[in-house]
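Undergrad: pasting the structure only:
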């Protein structure tokens, strides 16, 4: 309640900023190719990264050649740069490196989204559509289509920053081309999203991969009779812990802040005890994690039909699948 006046100021400034872009007082720059933005209205933990990976895979299957741009949270470099599989997470950020490795698509990172888009297209001329990761509020880059990911569990009190977790009001999602709802949806939220194309999504995973040796896999039953150390430096660590518990694992939870810079001490548990990491954290721990460390890959399970509004928007903007 004490922060509510600041939230009103934030709302006013945010609204004026968006209006300035809409009427042209602040310029939105067009990328060389169509741009599909994936974002959310709340701070962190909604599941955007798996959605970006899903979208890249779906567009590739449709004949497009997507590229991805991201700010590169967790990276220490301020310049725009392309990501390769051998990039260091401390340079480009954990999520961009994960997306590059999972999708095989070109990825560029930088705080200047329009510049990142140009750099990406210059370096990879065959890219014919750009996916902007966490780009909903980056209005300096013009967009062709928008996907908003909403997890009602992270909407909190429904207030804007700093009194609540929202960057923009939930009504902003209604203006998107597609809303993906992650997890349960109350009737009240469903009513607020009435009129927008909407699909449910879930993060699913069935197997574990030994860190550094992905060909070595395991299933939950392989960890029966023992406790596992679950380590997560993501937006909502508890979701990761709950997934493992639902698989029947005896979880010792070790939550860390989102984009945490892990050190060997963070994984110094009992000798030989199993440790399980998220994919995002694994890219930062590969160099020093103990031998009995496993990764739990997840994917976004989304109905194929959900892609249709995005394909229609791309088609109207003159881009057809190859």
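TA: Perfect, I can see it now. These numbers come from a predicted model, not from an experiment. Residues are numbered from 1 along each chain as shown.
Undergrad: Show me which helix or strand of this protein is least confident by mean pLDDT.
TA: helix 89-92 (a mean of 92; mean pLDDT, DSSP states H and E).
Undergrad: My read is that residue 55 contacts residue 131, right?
TA: Yes - using Cβ atoms under 8 Å, residue 55 is in contact with residue 131, at 5.6 Å. Just so you know, the C-beta spots here come from the backbone N, C-alpha and C atoms, and that holds for glycine as well.
Undergrad: by contact count, what packs against the least confident helix or strand of the chain?
TA: strand 81-83, helix 279-285 (3 or more Cβ pairs under 8 Å, 6 or more residues apart in numbering; DSSP states H and E).
Undergrad: So for residue 31, what's the nearest residue that isn't a sequence neighbour?
TA: residue 117 (3.8 Å; Cβ to Cβ, 6 or more residues apart in numbering).
Undergrad: Now do whichever strand or helix holds residue 58: everything it contacts.
TA: Taking DSSP states H and E as the criterion, residue 58 maps to helix 48-61. Outside helix 48-61, the residues within contact range by Cβ atoms under 8 Å, 6 or more residues apart in numbering are 36, 38-40, 66, 68, 95, 98-99, 102-103, 105, 129, 131, 133-134, 147, 149, 180, 201, 203, 280, 298-300, 302, 304, 307, 310.
Undergrad: how's the protein carved up into domains?
TA: Domain ranges of the chain: 27-203+301-316, 206-297, per automatic domain parsing.
Undergrad: ok so, going back, okay, now the sheet partners of the helix or strand following the helix holding residue 58, with direction.
TA: Using DSSP H and E, the helix or strand that follows helix 48-61 in sequence is strand 66-70. Neighbouring strands of strand 66-70 in its sheet, by DSSP bridges, are strand 107-109 (parallel), strand 129-133 (parallel).
Undergrad: what's the most buried one of those strands?
TA: Mean neighbour count, computed with mean count of other Cβ atoms under 10 Å, is highest for strand 107-109 among the strands paired with strand 66-70, reaching a mean of 31.
Undergrad: which residues are in contact with it?
TA: 67-72, 75, 77, 80-83, 92-93, 96, 99-100, 116-117, 119-120, 123.
Undergrad: cutoff 7 Å now
TA: Strand 107-109 is contacted from outside by 67-72, 75, 80-83, 92-93, 96, 99-100, 116, 119-120, using Cβ atoms under 7 Å, 6 or more residues apart in numbering.
Undergrad: next one: stretch 232-240
TA: 44-45, 154, 230, 241, 255-260, 262, 278, 280-281.
Undergrad: which one in the residues you listed is the model shakiest on?
TA: Among those, residue 44 carries the weakest pLDDT, at 79.
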